[in-house]
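> Quick one, fold the following:
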Amino acid sequence: MDWVDTIFSYCERAGDTGLFAEPVNTITNIAFFLAAALAHLHQRKQPSINRDIDCTIFIVLVALMGLGSTLFHVFAQRWALVADVVPITIFILVYMNYALNRFLNLTPGVSFLLTGAYLMTAPALAWIPGGITGMNGSVSFVPAFLVLLTVGLIMQRRGHPGAWWLLTAAGVFAVSLTFRTIDKAVCNYTVVADHATGTHGLWHILNATLLYLLIRGAIDHGRHGEQTYEVLTPVGPKEGT
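Below you'll find the model as predicted:
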């Protein structure tokens, strides 16, 4: 494997090996830096006692996602792909462990084991017919979407005030995955000034949005010692009616 091999993953690059072959995919990474900045500003508004180091880590990882993605869409080489994928993977794992522990009140040991089990899902997807290339590579993100949606629904069932943030993020995630998946399929229909852009840039913008929503949920509702939200008693007919 050559670390400087060019990777032609997206519509916008086509077969061009140049540094400026993906202007839209590159520029839209600004959204990650903006999301990190806005989340940081919101965190700074909190009383110092409520500022959580976990949320600071999330913010830094989002900024690193922007940097890694920018490098990949400029250079489109294997080393840059690593710089792109690593922050994303770390964020998913760290936030999942955080959500299971803070939002669902699972013990650290259980949340860690479940996160470890999730880590095995991406390699397992490689055995699906068509492998990880199914859905234009988006299939590897489906488990993350399902976990986010499940956690959000459980939080909603328990009446947790942070549920809105995670469920809204899940909705945004569904749309962003769609745009990532159809990038090449609609390539011929997304031509601006004789340059095919595809839809991967929208994946960047929407992903930055959902990351901001996740961090807002953590900042506002994930603090240590917050009330445990029990499952609500099902509403049914009263006795004697």
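
> Distance-wise, check Leu19 relative to Ile90.
27 Å (C-beta to C-beta, to the nearest Å). From N, CA and C alone the C-beta is placed, and that goes for glycine too.

> So for the two, which residue has more residues nearby?
The residue with more neighbours, out of Leu19 and Ile90, is Ile90; 14 against 11, by other C-beta atoms under 10 Å.

> what are the ranges of the helices in the chain?
23-27, 30-44, 53-75, 78-98, 108-119, 121-125, 142-157, 163-181, 200-221 (DSSP state H).

> what's the most buried one of the ones you listed?
Each of these was scored by mean neighbour count; the highest is helix 200-221, a mean of 24, by mean count of other C-beta atoms under 10 Å.

> And that helix, how far out from the chain middle?
7 Å (C-alpha atoms, centre = their mean, to the nearest Å).

> same deal with stretch 79-86?
Centre to centre, stretch against its chain (C-alpha atoms, centre = their mean), the figure for stretch 79-86 is 15 Å.

> mind checking how far the residue nearest to Thr6 when sequence neighbours are not counted is from Leu61?
Of all residues not flanking Thr6 in the chain, Thr17 sits nearest, at 4.8 Å (C-beta to C-beta, 6 or more residues apart in numbering). Per C-beta to C-beta, Thr17 is found 30 Å from Leu61.

> what do you get for Ile90?
Distance, Ile90 to Leu61, by C-beta to C-beta: 6 Å.

> Check Trp165 too.
17 Å.

> got it, and Leu167?
For Leu167 relative to Leu61 (C-beta to C-beta), the value is 22 Å.

> Then Ile92?
10 Å.

> pLDDT below threshold where in the chain?
Along the chain, the parts satisfying pLDDT under 70 run over 1, 122-134, 224-241.

> so what's Gly222 up against?
52, 54-55, 98-99, 102-103, 162 (C-beta atoms under 8 Å, 6 or more residues apart in numbering).

> And it, its phi and psi?
Main-chain dihedrals, Gly222, degrees, to the nearest 10: phi -110, psi 20.

> One more: Asp5?
The phi/psi pair for Asp5 (degrees, to the nearest 10) is phi -60, psi 140.

> Contacts only, for it.
By C-beta under 8 Å, 6+ apart, the neighbours of Asp5 are 77-78.

> re earlier: now tabulate the helices of the chain in CSV and tack on distance to Glu12.
Formatted as CSV, the helices of the chain follow (distance: least, C-beta to C-beta, whole Å):
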stretch, distance to Glu12
helix 23-27, 5
helix 30-44, 16
helix 53-75, 8
helix 78-98, 15
helix 108-119, 31
helix 121-125, 25
helix 142-157, 23
helix 163-181, 13
helix 200-221, 7
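
> that older thread, and for the residue nearest to Thr6, the neighbour number?
Neighbour count of Thr17, defined by other C-beta under 10 Å: 11.

> and it, what are its phi and psi?
Backbone dihedrals for Thr17, given as degrees, to the nearest 10, come out at phi -100, psi 0.
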